[in-house]
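[1] Pasting the sequence and the predicted model now:
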Amino acid sequence: FYGIAFSVCVNYWVARFLSGSSVNVSERKAWVACGIVFNVLFLCCFKYTGFLSGVIDATAVIMSPALNIALPAGLSFITFQQIVYLVNCYREPGQQANFLTYCLYISFFPRLLQGPIIYYQELMPQFAMERNRFFNVENFSKGIYLFSLGLFKKAVVGDWFASVVAKGFSQPDMLGLADSWLTSLGYTLQIYFDFSGYTDMALGAALMFNICLPQNFNSPYKAINIQDFWRRWLMTFVRFMRDFVYIPLGGNRRTDLITFRNLLLVFLVGGIWHGSGWTFIVWGLMHGAAVVVHRIWKKYGIPMPKALAWLLTFNYVNICWVFFRSRSLQDAFSVLKGMTGFNSLELENVPGILSPKTLVMTLLCFVAVIVFKNSAHMMQNFEPGVRAGVFSSVLFVVGVFFLTRTTGFIYYQF
């Protein structure tokens, strides 16, 4: 709490200076740069000190002291939100909010832990609207429906896969051909329902208060190329990286080589942001390399059947998730060896993974994410009524019942 409070106070003070009418352009540039550097260093102190000390230990003769600093809840998303606000004050001086309004923008509870990352002009005008201060039956009905759907996704579906995935990734060297694939697909589905569930709950909780948050998740596993995937997954984070990393680096305004370099740097930063470990760095670079290959492929206009494009995209994303979930690069390569049969040609080596229940659950959930409408599409045709009320109630009750076995949100640690 004290760390976040300190960060909020420092950023508000910098924002006030940026909004001053007597501050010239060069001073504002210097102050916004200092504010961004402060936020990045502040996040690094909490998030990456342990990883950096481990790297020093691996390359130095003298061991560094063990450092394990607890990461304040929501710090990563709060940091990005504050950078957005500083840049907004730099670009539009005189728009400074009072301190309480600023705290509301930074700490609005539905999006606090895992986003979405909201621009100031998207959120704060909604709080100023007179009609949003009164109870709205339609918005509340939509909100509770969306929240219940998200709770069911997370507590019932996502957390069911968590136990299967944990067994597989705890013994990566032992995985056979079938249980390694079920382990990787299990995590691919777990993180889908986990993050999709949180997004629905965040948007639903905000809607109960008449606040519309931007869409952050749009059926990413239906993507037919890697660029399409990143237009659907963590959408506001991708927008932030585009506006505050990719474009400042030069975007695609120069040569192809510079564009490819910028794309790799963006995804490298994205990988590092997700976690302090070599697995996240490799995960980010793998996605960056895939986006570069897609750009080259697109430039030459080589046609590909949509079914094949989807299959390649999904399997590549699935392989990348192996690195994202593994505790180390060695564990990730062990899982991949199992998926190719190099660990063992036996179908199952880790008990409890290959079972009829796991096969049926994986198949049903896979079909659901590929074929069925997502939450955003369902809300377009939503009509408050008895049917919707009963459906929401059932989902909510079942979701609450399963909370006794729930695990933490995957993106909470980021």
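    Happy to help now that I have it.
[2] mind listing what Cys103 touches?
    Residues near Cys103 by CB atoms under 8 Å, 6 or more residues apart in numbering: Val8. (Glycine included, C-beta is placed from N, CA and C.)
[3] any idea which element it lies in?
    Element membership of Cys103 [criterion: DSSP states H and E] is helix 99-107.
[4] Need the mean per-residue confidence for that helix.
    Helix 99-107 carries an average pLDDT of 88.
[5] In it, which residues are buried?
    Tyr102, Tyr105, Ile106 (16 or more other CB atoms under 10 Å).
[6] what's the single longest helix in this protein?
    Longest helix in the chain by number of residues, with DSSP state H as the criterion: helix 177-208.
[7] mind checking how far the helix holding Cys103 is from the chain centre?
    23 Å (CA atoms, centre = their mean, to the nearest Å).
[8] and the helix or strand hosting Tyr90, what does it pack onto?
    Using DSSP H and E, the element containing Tyr90 is helix 75-91. Counting contacts by 3 or more CB pairs under 8 Å, 6 or more residues apart in numbering; DSSP states H and E, helix 75-91 is packed against helix 2-18, helix 25-47, helix 99-107, helix 120-128, helix 235-241.
[9] Specify the angle between the fourth one and helix 99-107 in degrees.
    Looking back up the chat, that one is helix 120-128. Calculated by axes from the mean of the first three to the mean of the last three CA atoms, to 10 degrees, helix 120-128 forms an angle of 120 degrees with helix 99-107.
[10] Buried residues of helix 120-128, list them for me.
    Tyr120, Leu123, Met124.
[11] what helices or strands is that helix leaning on?
    Helix 120-128 packs on helix 75-91, helix 99-107, going by 3+ CB pairs under 8 Å, 6+ apart.
[12] quick one: contacts of that helix?
    84-85, 88, 95, 97, 101, 104-105, 108, 132, 210-214.
[13] If any of the residues you listed are buried, put those into a ChimeraX selection.
    This is how ChimeraX selects the buried members of the contacts of helix 120-128, with burial counted by 16+ other CB under 10 Å:
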select :84,85,88,97,105,108,210,211,213,214
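[14] Between the contacts of helix 120-128, which sits nearest Ala15?
    Tyr85 (6.1 Å; CB to CB).
[15] what's the closest non-adjacent residue to that closest one?
    Tyr120 (5.5 Å; CB to CB, 6 or more residues apart in numbering).
[16] so what pLDDT did that neighbour get?
    At Tyr120, pLDDT is 86.
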